[in-house]
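In: With the input below, show me the fold.
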Amino acid sequence: MPDSFRTEEFKVEGEKLIAKIKELIHEGNIRKIIIKDKEGKTVMEIPMTFGIVGVLLAPQLAAIGAVAALLTEATIVVEKNA
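Out: Modelled structure (predicted):
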């Protein structure tokens, strides 16, 4: 049986990108986070495998910060386990 998941989208201003992603990660149950620019092009994909939150989150947030500095508006697409 294939994994089932649902997606949610959130539009945010660039400077609020990191705060929104931290909020979503805190809620849990996330498989993947996709960041898109205002034209809908994927800028970054972050798989949320078990253990990534504690070990790899700081470098990921630094990369997201760099992306956020370049975007005035972004869409966050979140894949959650159903």
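
In: okay, CA-based contacts and neighbour counts for the rest of this
Out: Will do.

In: Go through the strand or helix carrying residue 63 and flag the buried ones.
Out: Assigned by DSSP states H and E, residue 63 belongs to helix 57-70. Neighbour counts using 16 or more other Cα atoms under 10 Å place 57, 61, 64-65, 67-68 of helix 57-70 among the buried residues.

In: so how far does stretch 8-17 reach from one end to the other?
Out: 15 Å (Cα to Cα, to the nearest Å).

In: Show me what residue 36 is bridged to.
Out: residue 42, residue 75 (DSSP bridges).

In: so it sits right up against residue 72, yeah?
Out: No. At 11.3 Å, residue 36 does not count as touching residue 72 under the criterion of Cα atoms under 8 Å.

In: of these two, who's got more company?
Out: residue 36 (19 against 14; other Cα atoms under 10 Å).

In: which ones are touching the more buried one?
Out: By Cα atoms under 8 Å, 6 or more residues apart in numbering, residue 36 lies in contact with 42-44, 74-77.

In: Much appreciated, bye for now.
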